[in-house]
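S.K.: heads up, no residue letters with this:
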(Lines give C-alpha, C1' and ligand atoms only; values in the text may rest on other atoms or scores of the structure.)
Protein backbone atom coordinates (compact mmCIF):
# COMPACT_ATOMS: atom_id res chain seq x y z
CA UNK A 1 0.00 0.00 0.00
CA UNK A 2 1.35 3.43 -0.95
CA UNK A 3 1.82 6.33 1.43
CA UNK A 4 -1.02 8.20 -0.25
CA UNK A 5 -3.40 5.27 0.29
CA UNK A 6 -2.44 5.17 3.98
CA UNK A 7 -3.17 8.88 4.21
CA UNK A 8 -6.60 8.40 2.62
CA UNK A 9 -7.48 5.78 5.22
CA UNK A 10 -6.29 8.17 7.92
CA UNK A 11 -8.50 10.97 6.59
CA UNK A 12 -11.57 8.78 6.24
CA UNK A 13 -11.17 7.22 9.73
CA UNK A 14 -10.32 10.64 11.25
CA UNK A 15 -7.02 9.20 12.48
CA UNK A 16 -5.18 12.11 10.87
CA UNK A 17 -6.25 15.49 12.20
CA UNK A 18 -7.77 17.38 9.27
CA UNK A 19 -7.47 20.63 11.24
CA UNK A 20 -3.72 20.50 10.72
CA UNK A 21 -4.40 21.66 7.16
CA UNK A 22 -5.22 25.23 6.26
CA UNK A 23 -9.00 25.39 6.39
CA UNK A 24 -10.31 26.63 3.04
CA UNK A 25 -14.04 27.34 2.53
CA UNK A 26 -15.58 25.93 -0.62
CA UNK A 27 -16.30 29.38 -2.10
CA UNK A 28 -12.62 30.34 -1.74
CA UNK A 29 -11.60 27.10 -3.46
CA UNK A 30 -14.09 27.87 -6.22
CA UNK A 31 -12.53 31.30 -6.83
CA UNK A 32 -9.06 29.73 -7.13
CA UNK A 33 -10.33 27.12 -9.57
CA UNK A 34 -12.30 29.77 -11.49
CA UNK A 35 -9.20 31.95 -11.91
CA UNK A 36 -7.34 28.92 -13.24
CA UNK A 37 -10.17 28.18 -15.72
CA UNK A 38 -9.96 31.77 -16.95
CA UNK A 39 -6.63 30.92 -18.54
CA UNK A 40 -7.74 27.78 -20.40
CA UNK A 41 -11.38 28.15 -21.47
CA UNK A 42 -13.25 30.62 -23.64
CA UNK A 43 -14.74 33.73 -21.99
CA UNK A 44 -18.32 32.66 -22.76
CA UNK A 45 -17.67 29.34 -20.99
CA UNK A 46 -16.60 31.29 -17.89
CA UNK A 47 -19.86 33.22 -18.03
CA UNK A 48 -21.87 29.97 -18.04
CA UNK A 49 -19.87 28.60 -15.09
CA UNK A 50 -20.39 31.79 -13.10
CA UNK A 51 -24.12 31.78 -13.87
CA UNK A 52 -24.43 28.19 -12.59
CA UNK A 53 -22.42 29.06 -9.46
CA UNK A 54 -24.57 32.07 -8.59
CA UNK A 55 -27.82 30.21 -9.10
CA UNK A 56 -27.08 26.91 -7.36
CA UNK A 57 -24.15 27.40 -4.98
CA UNK A 58 -24.19 30.84 -3.39
CA UNK A 59 -27.01 29.93 -0.99
CA UNK A 60 -26.17 26.25 -0.69
CA UNK A 61 -25.00 24.11 2.22
CA UNK A 62 -21.59 23.74 0.56
CA UNK A 63 -20.91 27.44 0.04
CA UNK A 64 -18.83 28.19 3.16
CA UNK A 65 -18.14 24.63 4.31
CA UNK A 66 -14.44 23.84 4.67
CA UNK A 67 -13.36 21.58 1.84
CA UNK A 68 -11.54 19.24 4.24
CA UNK A 69 -14.86 18.47 5.93
CA UNK A 70 -16.93 17.87 2.77
CA UNK A 71 -17.85 14.18 2.64
CA UNK A 72 -19.34 12.09 -0.15
CA UNK A 73 -22.64 12.15 1.75
CA UNK A 74 -22.51 15.97 1.82
CA UNK A 75 -22.08 16.07 -1.95
CA UNK A 76 -24.88 13.54 -2.50
CA UNK A 77 -27.19 15.44 -0.14
CA UNK A 78 -26.48 18.76 -1.86
CA UNK A 79 -27.03 17.42 -5.39
CA UNK A 80 -30.26 15.72 -4.30
CA UNK A 81 -31.33 19.03 -2.79
CA UNK A 82 -30.74 20.75 -6.15
CA UNK A 83 -32.90 18.21 -7.95
CA UNK A 84 -35.72 18.63 -5.40
CA UNK A 85 -35.47 22.40 -5.03
CA UNK A 86 -35.30 23.04 -8.77
CA UNK A 87 -37.75 20.54 -10.32
CA UNK A 88 -37.32 22.10 -13.76
CA UNK A 89 -33.55 21.54 -13.83
CA UNK A 90 -32.54 19.58 -16.91
CA UNK A 91 -30.02 16.79 -17.10
CA UNK A 92 -27.65 19.08 -18.98
CA UNK A 93 -27.88 21.70 -16.24
CA UNK A 94 -27.38 19.03 -13.56
CA UNK A 95 -24.11 18.04 -15.26
CA UNK A 96 -22.95 21.66 -14.99
CA UNK A 97 -23.76 21.69 -11.27
CA UNK A 98 -21.91 18.42 -10.75
CA UNK A 99 -18.96 19.65 -12.80
CA UNK A 100 -18.33 22.55 -10.43
CA UNK A 101 -18.17 20.57 -7.18
CA UNK A 102 -16.22 17.77 -8.88
CA UNK A 103 -13.69 20.01 -10.60
CA UNK A 104 -13.13 22.33 -7.64
CA UNK A 105 -12.44 19.48 -5.20
CA UNK A 106 -10.27 17.53 -7.64
CA UNK A 107 -8.32 20.72 -8.44
CA UNK A 108 -7.67 21.50 -4.77
CA UNK A 109 -6.67 17.91 -4.11
CA UNK A 110 -4.18 18.02 -7.00
CA UNK A 111 -2.71 21.16 -5.42
CA UNK A 112 -2.64 19.38 -2.03
CA UNK A 113 -4.55 22.29 -0.51
CA UNK A 114 -7.14 22.25 2.24
CA UNK A 115 -6.90 18.56 3.11
CA UNK A 116 -9.34 17.43 0.39
CA UNK A 117 -10.00 13.71 0.59
CA UNK A 118 -10.33 11.24 -2.27
CA UNK A 119 -13.93 10.80 -3.44
CA UNK A 120 -15.63 7.90 -5.15
CA UNK A 121 -17.47 9.90 -7.81
CA UNK A 122 -19.04 6.78 -9.30
CA UNK A 123 -20.66 6.06 -5.93
CA UNK A 124 -21.85 9.66 -5.67
CA UNK A 125 -23.50 9.48 -9.09
CA UNK A 126 -25.19 6.14 -8.26
CA UNK A 127 -27.07 7.70 -5.35
CA UNK A 128 -28.50 10.61 -7.34
CA UNK A 129 -32.09 10.43 -8.67
CA UNK A 130 -31.17 11.59 -12.16
CA UNK A 131 -34.23 9.78 -13.56
CA UNK A 132 -36.30 12.66 -12.16
CA UNK A 133 -34.48 15.21 -14.29
CA UNK A 134 -35.94 16.64 -17.45
CA UNK A 135 -34.17 15.19 -20.47
CA UNK A 136 -34.53 18.20 -22.79
CA UNK A 137 -37.19 16.32 -24.70
CA UNK A 138 -38.50 19.30 -26.63
CA UNK A 139 -39.58 17.86 -29.96
CA UNK A 140 -38.11 19.59 -32.99
CA UNK A 141 -39.00 19.03 -36.62
CA UNK A 142 -37.03 19.86 -39.72
CA UNK A 143 -38.15 22.91 -41.66
CA UNK A 144 -40.47 22.25 -44.56
CA UNK A 145 -38.97 22.66 -48.01
CA UNK A 146 -41.89 24.93 -48.98
CA UNK A 147 -41.21 27.29 -46.05
CA UNK A 148 -37.50 27.46 -46.88
CA UNK A 149 -38.26 28.13 -50.55
CA UNK A 150 -40.76 30.86 -49.63
CA UNK A 151 -38.23 32.70 -47.47
CA UNK A 152 -35.42 32.45 -50.05
CA UNK A 153 -37.70 33.59 -52.88
CA UNK A 154 -39.06 36.58 -50.94
CA UNK A 155 -35.60 37.70 -49.83
CA UNK A 156 -33.54 37.06 -52.96
CA UNK A 157 -36.07 38.03 -55.61
CA UNK A 158 -38.42 40.46 -53.85
CA UNK A 159 -36.27 42.08 -51.13
CA UNK A 160 -39.05 41.64 -48.60
CA UNK A 161 -36.98 43.07 -45.72
CA UNK A 162 -34.96 45.99 -47.19
CA UNK A 163 -33.85 47.38 -43.80
CA UNK A 164 -31.96 44.15 -43.17
CA UNK A 165 -31.05 43.25 -46.73
CA UNK A 166 -27.61 41.74 -46.10
CA UNK A 167 -28.58 39.96 -42.88
CA UNK A 168 -31.59 38.45 -44.67
CA UNK A 169 -29.42 37.28 -47.57
CA UNK A 170 -26.91 35.76 -45.14
CA UNK A 171 -29.67 33.80 -43.45
CA UNK A 172 -30.77 32.50 -46.86
CA UNK A 173 -27.17 31.55 -47.63
CA UNK A 174 -27.07 29.55 -44.42
CA UNK A 175 -29.66 27.10 -45.73
CA UNK A 176 -26.79 25.92 -48.00
CA UNK A 177 -23.96 26.16 -45.42
CA UNK A 178 -25.41 25.05 -42.08
CA UNK A 179 -23.29 27.41 -39.96
CA UNK A 180 -23.69 28.31 -36.31
CA UNK A 181 -25.15 31.79 -36.01
CA UNK A 182 -21.89 33.14 -34.51
CA UNK A 183 -19.97 31.75 -37.48
CA UNK A 184 -22.47 33.34 -39.86
CA UNK A 185 -22.15 36.72 -38.13
CA UNK A 186 -18.33 36.55 -38.41
CA UNK A 187 -18.32 35.63 -42.13
CA UNK A 188 -16.26 38.01 -44.30
CA UNK A 189 -15.75 38.38 -48.04
CA UNK A 190 -12.15 37.19 -47.70
CA UNK A 191 -13.33 33.87 -46.29
CA UNK A 192 -14.56 32.86 -49.76
CA UNK A 193 -12.12 31.25 -52.15
CA UNK A 194 -13.79 30.97 -55.53
CA UNK A 195 -10.72 29.49 -57.21
CA UNK A 196 -10.96 26.48 -54.91
CA UNK A 197 -14.75 26.87 -54.61
CA UNK A 198 -14.85 26.79 -50.79
CA UNK A 199 -15.59 29.03 -47.84
CA UNK A 200 -13.28 28.72 -44.83
CA UNK A 201 -14.87 28.69 -41.36
CA UNK A 202 -12.37 29.49 -38.62
CA UNK A 203 -13.87 32.30 -36.50
CA UNK A 204 -17.05 33.15 -34.66
CA UNK A 205 -18.75 36.06 -32.96
CA UNK A 206 -19.31 35.61 -29.24
CA UNK A 207 -20.69 37.65 -26.35
CA UNK A 208 -18.98 37.58 -22.97
CA UNK A 209 -17.67 39.65 -20.06
CA UNK A 210 -14.05 40.69 -20.00
CA UNK A 211 -12.49 39.84 -16.64
CA UNK A 212 -9.72 40.91 -14.28
CA UNK A 213 -7.03 38.49 -13.11
CA UNK A 214 -9.12 37.54 -10.08
CA UNK A 215 -11.98 36.48 -12.39
CA UNK A 216 -14.30 39.40 -11.59
CA UNK A 217 -16.22 41.05 -14.42
CA UNK A 218 -14.80 44.14 -16.09
CA UNK A 219 -17.44 46.48 -17.46
CA UNK A 220 -20.40 45.39 -19.56
CA UNK A 221 -20.86 42.43 -21.85
CA UNK A 222 -18.99 42.74 -25.14
CA UNK A 223 -19.58 41.25 -28.59
CA UNK A 224 -16.41 40.28 -30.38
CA UNK A 225 -15.32 38.31 -33.44
CA UNK A 226 -12.78 35.74 -32.29
CA UNK A 227 -10.32 33.82 -34.44
CA UNK A 228 -11.47 30.59 -32.90
CA UNK A 229 -14.55 28.44 -33.19
CA UNK A 230 -16.34 26.05 -30.83
CA UNK A 231 -13.83 23.19 -31.16
CA UNK A 232 -10.76 22.43 -33.27
CA UNK A 233 -13.02 20.32 -35.48
CA UNK A 234 -15.10 23.42 -36.25
CA UNK A 235 -12.30 24.85 -38.40
CA UNK A 236 -13.37 23.60 -41.80
CA UNK A 237 -13.90 24.34 -45.47
CA UNK A 238 -17.35 24.01 -47.02
CA UNK A 239 -17.83 23.57 -50.78
CA UNK A 240 -19.84 26.32 -52.45
CA UNK A 241 -23.06 25.53 -54.27
CA UNK A 242 -24.15 27.82 -57.14
CA UNK A 243 -26.91 29.25 -54.91
CA UNK A 244 -24.30 30.43 -52.40
CA UNK A 245 -22.33 32.18 -55.15
CA UNK A 246 -25.49 33.90 -56.36
CA UNK A 247 -26.35 35.19 -52.88
CA UNK A 248 -22.73 36.22 -52.28
CA UNK A 249 -22.81 38.36 -55.46
CA UNK A 250 -26.03 40.05 -54.35
CA UNK A 251 -24.52 40.89 -50.95
CA UNK A 252 -21.33 42.20 -52.58
CA UNK A 253 -23.35 44.31 -55.02
CA UNK A 254 -25.39 45.78 -52.17
CA UNK A 255 -22.23 46.67 -50.21
CA UNK A 256 -20.78 48.38 -53.29
CA UNK A 257 -24.06 50.21 -53.92
CA UNK A 258 -24.06 51.58 -50.37
CA UNK A 259 -20.29 52.28 -50.48
CA UNK A 260 -19.74 50.28 -47.30
CA UNK A 261 -16.20 49.18 -46.46
CA UNK A 262 -17.12 46.58 -43.84
CA UNK A 263 -15.61 43.12 -44.47
CA UNK A 264 -18.63 41.37 -42.88
CA UNK A 265 -21.32 40.01 -45.17
CA UNK A 266 -24.13 40.56 -42.65
CA UNK A 267 -23.28 44.25 -42.17
CA UNK A 268 -26.30 46.49 -42.69
CA UNK A 269 -25.03 50.03 -42.21
CA UNK A 270 -24.66 50.04 -38.43
CA UNK A 271 -22.03 48.52 -36.16
CA UNK A 272 -20.71 44.99 -36.78
CA UNK A 273 -23.79 42.81 -36.89
CA UNK A 274 -24.47 40.91 -33.66
CA UNK A 275 -25.68 37.38 -33.87
CA UNK A 276 -28.63 38.43 -31.72
CA UNK A 277 -29.52 40.83 -34.53
CA UNK A 278 -29.49 37.93 -36.99
CA UNK A 279 -31.94 36.07 -34.73
CA UNK A 280 -34.27 39.08 -34.63
CA UNK A 281 -33.98 39.45 -38.39
CA UNK A 282 -34.95 35.80 -38.86
CA UNK A 283 -37.95 36.18 -36.56
CA UNK A 284 -39.19 39.18 -38.56
CA UNK A 285 -38.52 37.38 -41.84
CA UNK A 286 -40.70 34.47 -40.79
CA UNK A 287 -43.54 36.84 -39.98
CA UNK A 288 -43.15 38.74 -43.24
CA UNK A 289 -43.12 35.49 -45.22
CA UNK A 290 -46.02 34.01 -43.24
CA UNK A 291 -44.16 30.91 -42.05
CA UNK A 292 -43.94 29.59 -38.46
CA UNK A 293 -41.23 31.40 -36.50
CA UNK A 294 -38.04 29.39 -35.88
CA UNK A 295 -34.51 30.14 -34.69
CA UNK A 296 -31.23 30.03 -36.61
CA UNK A 297 -30.15 26.76 -35.02
CA UNK A 298 -33.07 25.02 -36.71
CA UNK A 299 -31.60 26.09 -40.05
CA UNK A 300 -28.43 24.21 -39.09
CA UNK A 301 -30.35 21.13 -37.99
CA UNK A 302 -32.52 21.17 -41.11
CA UNK A 303 -29.34 21.39 -43.21
CA UNK A 304 -28.12 18.20 -41.51
CA UNK A 305 -31.51 16.47 -41.84
CA UNK A 306 -31.85 17.30 -45.53
CA UNK A 307 -28.40 15.89 -46.31
CA UNK A 308 -29.07 12.79 -44.20
CA UNK A 309 -32.30 11.92 -45.97
CA UNK A 310 -30.60 12.57 -49.29
CA UNK A 311 -28.16 9.75 -48.56
CA UNK A 312 -25.07 11.74 -47.61
CA UNK A 313 -22.85 9.69 -45.21
CA UNK A 314 -23.07 10.85 -41.60
CA UNK A 315 -19.27 11.23 -41.38
CA UNK A 316 -19.39 13.72 -44.27
CA UNK A 317 -22.26 15.66 -42.68
CA UNK A 318 -20.44 15.73 -39.35
CA UNK A 319 -17.36 17.20 -41.04
CA UNK A 320 -19.45 19.81 -42.86
CA UNK A 321 -21.03 21.14 -39.67
CA UNK A 322 -17.85 20.85 -37.58
CA UNK A 323 -18.81 18.18 -35.05
CA UNK A 324 -16.04 16.34 -33.24
CA UNK A 325 -18.25 13.29 -32.68
CA UNK A 326 -20.54 11.60 -35.22
CA UNK A 327 -22.86 10.73 -32.32
CA UNK A 328 -23.61 14.45 -31.87
CA UNK A 329 -24.79 14.62 -35.47
CA UNK A 330 -26.81 11.43 -35.21
CA UNK A 331 -28.43 12.02 -31.82
CA UNK A 332 -29.11 15.75 -31.82
CA UNK A 333 -29.21 17.07 -35.39
CA UNK A 334 -31.11 14.58 -37.54
CA UNK A 335 -34.78 15.50 -37.15
CA UNK A 336 -38.08 14.19 -38.42
CA UNK A 337 -40.40 15.96 -40.81
CA UNK A 338 -43.74 16.95 -39.31
CA UNK A 339 -46.68 16.09 -41.63
CA UNK A 340 -44.41 16.45 -44.63
CA UNK A 341 -45.32 13.07 -46.09
CA UNK A 342 -44.51 14.04 -49.67
CA UNK A 343 -40.87 14.51 -48.69
CA UNK A 344 -40.79 11.20 -46.84
CA UNK A 345 -42.47 9.46 -49.77
CA UNK A 346 -39.84 10.86 -52.14
CA UNK A 347 -37.02 9.55 -49.94
CA UNK A 348 -38.72 6.16 -49.69
CA UNK A 349 -39.08 5.93 -53.49
CA UNK A 350 -35.41 6.79 -53.97
CA UNK A 351 -34.24 4.41 -51.28
CA UNK A 352 -36.45 1.40 -51.91
CA UNK A 353 -35.71 0.68 -55.55
CA UNK A 354 -35.50 -3.10 -55.65
CA UNK A 355 -35.97 -3.54 -59.41
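M.R.: That came through, no problem. These figures come from a predicted structure and were not determined experimentally.
S.K.: contacts, neighbours, all on C-alpha from now
M.R.: Will do.
S.K.: pLDDT below threshold where in the stretch 1-150 of the chain?
M.R.: For the stretch 1-150 of the chain, the stretches with pLDDT under 70 are 1-21, 132-138.
S.K.: give me that answer again for 80
M.R.: For the stretch 1-150 of the chain, the stretches flagged by pLDDT under 80 are 1-22, 87-88, 129-139.
S.K.: in the stretch 151-300 of the chain, which spans are helices?
M.R.: Assigned by DSSP state H, counting those that start in this stretch, the stretch 151-300 of the chain shows helices spanning 165-174, 181-185, 242-258, 275-288, 296-309.
S.K.: would you list the ones you listed in JSON lines and tack on mean pLDDT and distance to residue 221?
M.R.: Formatted as JSON lines, the helices of the stretch 151-300 of the chain follow (pLDDT from 0 to 100; distance: least, C-alpha to C-alpha, whole Å):
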{"stretch": "helix 165-174", "mean pLDDT": "97", "distance to residue 221": "23"}
{"stretch": "helix 181-185", "mean pLDDT": "94", "distance to residue 221": "16"}
{"stretch": "helix 242-258", "mean pLDDT": "97", "distance to residue 221": "29"}
{"stretch": "helix 275-288", "mean pLDDT": "93", "distance to residue 221": "13"}
{"stretch": "helix 296-309", "mean pLDDT": "94", "distance to residue 221": "22"}
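S.K.: so which of those helices is nearest residue 192?
M.R.: The closest of the helices of the stretch 151-300 of the chain to residue 192 is helix 242-258. By C-alpha to C-alpha, the value is 9.2 Å.
S.K.: could you give the angle of that closest one to helix 165-174?
M.R.: Inter-element angle recorded for helix 242-258 and helix 165-174: 170 degrees (by axes from the mean of the first three to the mean of the last three C-alpha atoms, to 10 degrees).
S.K.: rewinding a little: looking at the helices of the stretch 151-300 of the chain, which is closest to residue 126?
M.R.: Between the helices of the stretch 151-300 of the chain, helix 296-309 lies closest to residue 126; by C-alpha to C-alpha that is 33.7 Å.
S.K.: which residues touch that closest one?
M.R.: If you take C-alpha atoms under 8 Å, 6 or more residues apart in numbering as the criterion, helix 296-309 is touched by 142-143, 171, 174-181, 279, 282, 314, 317, 321, 329, 333-336, 347.
S.K.: now the angle from that helix to helix 275-288?
M.R.: Here the directions of helix 296-309 and helix 275-288 differ by 70 degrees (the same axes, to 10 degrees).
S.K.: now do the buried residues in helix 296-309.
M.R.: Across helix 296-309, burial judged by 16 or more other C-alpha atoms under 10 Å covers 296, 298-306, 308-309.
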